[in-house]
Each structure stands twice: as C-alpha cells, then as structure tokens.
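In: Take a look and give me a structure for this.
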Amino acid sequence: MDSLTQIVLGAAVGEAVAGRKMGAKAAFWGAIAGTIPDLDVFLRGFYHPIDAALIHRGFSHSLVFAILMGPLLGWLIHRFYKKRYEQKAWMWLFFLGIVTHPLLDIFTNYGTEFLWPFSLRITFNTVFVIDPLYTVPFMFTLLVALFMKRDNPKRKKWNMFGIYYSSAYLLWGVVVKLFILSNATNYFAENGMKTTNPMVTPMPLTSFYWMVLTEDDQNYYVGYKSIFYAFNPKDIDTIQKDKTSLYKVKWNGKNYAKQLDFITNGYYTTVQTEDSMYFYDLRFGLTSKLSDGKLKNVIKGYGMVIDNGTVQKTEDIMPFKSLKKVTFGKYLHKIFSNE
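Out: Okay, here's the model as predicted:
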C-alpha cells in the first residue's frame, strides 16, 4: 500500500499496543515502524531494474525481518527513553508495527515474500495500492482517538473501530474478488469467447470496479466489472500475445527471462522491433478506462535496448505522460454507471 496508509496502520497498531501507557509516543513510533519495511526502495538504484523488482517487498517484508527487528528496535528505543516504559511493550509495538505492513501488502497485486527465504510471493490481489475507501475512514478514526486524553475509554474504542473497519474492508475485497473470479470466464463466454486462466484485480482507487484478464492462444482480453451493473462486452480490450520473444533474445550478462515470467505470474506479452523489445506486465492493466478510451497503454513494463540481437540495457516503463489524459470524473462515473 501507499506510504500514508502504512503510516496510519502503524500508528493505529502502536496506539493499540501502548497508547494508554505512552500516549502519542506510541502512535508516533508505530508510524515509524510501519514505514520501515519500505526502506528497501532506497536500494533499488544499486540493482538492475528487474533485480530491483524482486528485492522490493522481499526480505524487509518478511516475518523473519519483523522477528529480528522488532526486539532489536524495541530494545534500542527502550534505552533511548532511559527505560521509562516497559521494554516488552516497545518490542511488541515494533514487531506488530513492522509485521502488519507486509500483511497489508499481501492484499495488493504485487504481494510480498512474507515467508522469506522461500521465494514464494504471496498475494491476494484484492485491494489497489491507493484506496481512499480504506485509508480515509481509518485515518479519521485514528485522529479522533489521538485528540482524546490517553485515559479516556473512548480513545481506545475509536482506535479499535478504525482497525476493525480496515480489517472488514480487506475481507470485503476478498469476497467481491471471489465472486467476480467465479464468473470471470462466463463474462467472456457470453460474448462467444472461449478463454482460460482468469485473473481479477481491483481498478485504481476503489473496490467497486475490477479488471478481469483472461486469455486464449492468440490474445489476452481485458474486461471490466463494476459491482453496480452487469459486465459489458463492449468494454473488452484485446492485447495480442507474444510470449516467445522473451526467450529468443540473447542477454548481455544475466538472462532475466525466468525472473520476468516469475514477477508477472505469466501474465505478460512482448513487442519486438529491430533495436528494442517492450515487455508488458499485464497485471497492472491498461490506461483505457482512466483516459475514457483515449489511450490503451499498458501501465507497467520494461523497455529493452537490443543491439545485434542482444539486450544491452533495460529500463522501467511508466507512462507518466499518460497521466495528463486521465479523466477522473469520467472514470468515477464509469465505476457507478455504464451509461
């Protein structure tokens, strides 16, 4: 999830663990604990772009990391405050503040290596990385709690209500996804399309609107399902499939073909020209609904410079220019109405 959401979650956890004893200090240090796992982003510049994608949400987002860092940071902060508060409370605060970060990230489509050193990346893919319906109410209840005196019983109730709400929202996403996933291939079959291997992921900023990705031998098909109206076959986007070029090109150094297949869970395609190859990670979808159909760019991928059939350089593809054509008003309208 985004940094603000992780700060809110960490602060709420810190408040729940030791707010009555420490007051606002508990939420402050909980917020810091909640941001610690994402410090791995500062390492990305030292690695190849594809290696960097594997490092992010790796060790720092694991249970092992929380078990190691929780007691260590708890011990250090206990001494920083000259043993004013119980060391056990500090240890629990940092352990829970850190471990809840990757647990939340598991619900996003990139997931985490929570069981590191095993390379399995666990993902439920049921909440978008930025979702105001999750963050804003949670932040509101936390702020209300923090403005109350620490011995006010309503302070704990407000904070816990936010935690319960955020947990219920995550559960809601799982239920909605399972319902849509159970009908995914039927949506396309009604349009005479025989597809397999469906993937369902939430669209930006909401759990009310979902992308449904399926495939056949030649193409990927991207459909969109709102919980407020029936699936519309006219909204389907088609992406030509090419999964062979990735394994045909040579690499100057390490061969990243298997890593790219692993990162995307096999949902990818490539477009090759004489001097370049574009690798598209289809889990993140297209820009078509965000731009009211004006653009159909793949949101995430890699561009590779090819010289004499060999990949010489790899760069991230992030269509920042496409953001200028985002029409949030029409996108929000699309969530609630198919008119």
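In: what's across from Thr314 in the sheet?
Out: Met304 (DSSP bridges).
In: how close does it get to Pro153?
Out: In this view, Thr314 and Pro153 are 56 Å apart by C-beta to C-beta, to the nearest Å. C-beta here means a position set from N, CA and C on the backbone, and glycine is covered the same way.
In: ditto for Ser291
Out: Ser291 is 50 Å from Pro153, by C-beta to C-beta.
In: Could you check which of Thr314 and Pro153 has the larger neighbour count?
Out: Thr314 (19 against 8; other C-beta atoms under 10 Å).
In: pLDDT score for that one?
Out: Thr314 carries a pLDDT value of 89.
In: can I assume it is in contact with Met304?
Out: Yes: the pair Thr314 / Met304 is scored as a contact, 5.1 Å apart, by C-beta atoms under 8 Å.
In: which intervals of this structure have sub-threshold pLDDT?
Out: Residue ranges of the chain with pLDDT under 70: 319-324.
In: give me phi/psi at Thr195?
Out: Main-chain torsions, Thr195, degrees, to the nearest 10: phi -120, psi 160.
In: now it, nearest residue through space, not along the chain?
Out: Thr214 (3.6 Å; C-beta to C-beta, 6 or more residues apart in numbering).
In: Look at the one you found and tell me its secondary structure.
Out: Under DSSP: H, G, I helix; E, B strand; the rest coil, Thr214 falls in the strand class.
In: what sits against it?
Out: Residues counted as contacts of Thr214 (C-beta atoms under 8 Å, 6 or more residues apart in numbering) are Ala184, Thr185, Phe188, Met193, Thr195, Thr196, Asn197, Pro198, Met199, Tyr220, Tyr221, Gly223.
In: Neighbour-wise, give me the winner out of those.
Out: Neighbour-wise, the contacts of Thr214 (other C-beta under 10 Å) top out at Gly223, 24 neighbours.
In: what lines up beside whichever strand or helix holds that one in the sheet?
Out: In the assignment (DSSP states H and E), Gly223 maps to strand 219-226. Paired strands of strand 219-226, with direction, are strand 209-215 (antiparallel), strand 237-240 (antiparallel) (DSSP bridges).
In: got a markdown table for these, with distance to Phe262 too?
Out: Compiled in a markdown table, these are given as follows (distance: least, C-beta to C-beta, whole Å):
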| stretch | distance to Phe262 |
| --- | --- |
| strand 209-215 | 18 |
| strand 237-240 | 20 |
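In: from those, which stretch is densest packed?
Out: Ranked by mean neighbour count, those are led by strand 209-215 with a mean of 23 (mean count of other C-beta atoms under 10 Å).
In: Now find how far off-centre that strand is within its chain.
Out: On the basis of C-alpha atoms, centre = their mean, to the nearest Å, strand 209-215 sits 16 Å off its chain's mean C-alpha point.
In: quick revisit: how about the strands paired with strand 219-226, which one is nearest Ala168?
Out: Taking C-beta to C-beta, strand 209-215 is the member of these nearest to Ala168, at 18.7 Å.
In: I'd assumed Glu113 was in contact with Leu120.
Out: Yes: in terms of C-beta under 8 Å, Leu120 counts as a neighbour of Glu113; the distance is 7.0 Å.
In: So for these two, which residue has more residues nearby?
Out: For Leu120 versus Glu113, the count of surrounding residues by other C-beta under 10 Å is larger for Glu113: 24 against 11.
In: Surely the more buried one and Ile106 touch.
Out: No: the pair Glu113 / Ile106 is not scored as a contact, 10.2 Å apart, by C-beta under 8 Å.
In: Mind listing the shared neighbours of those two?
Out: By C-beta under 8 Å, 6+ apart, the residues touching both Glu113 and Ile106 are Ile122.
In: what about Ala145, how many neighbours?
Out: With other C-beta under 10 Å as criterion, Ala145 counts 25.
In: Contacts made by the helix or strand encompassing it with the rest, please.
Out: Element membership for Ala145 (DSSP H and E) is helix 132-146. With C-beta under 8 Å, 6+ apart as the test, helix 132-146 has contacts from 1-2, 4-5, 8-9, 11-12, 15, 19, 24, 27, 127, 154-156, 158-159, 161-163, 165-166, 169-170, 205-207.
In: If we use 7 Å, what do you get?
Out: Here helix 132-146 makes contact (C-beta atoms under 7 Å, 6 or more residues apart in numbering) with 4-5, 8, 11-12, 15, 24, 27, 127, 155, 158-159, 161-162, 165-166, 169, 205-207.
In: all helices of the chain, in order?
Out: For the chain, the helices defined by DSSP state H occupy 3-22, 24-35, 49-55, 63-80, 87-105, 132-146, 153-189, 245-248, 257-264, 328-336.
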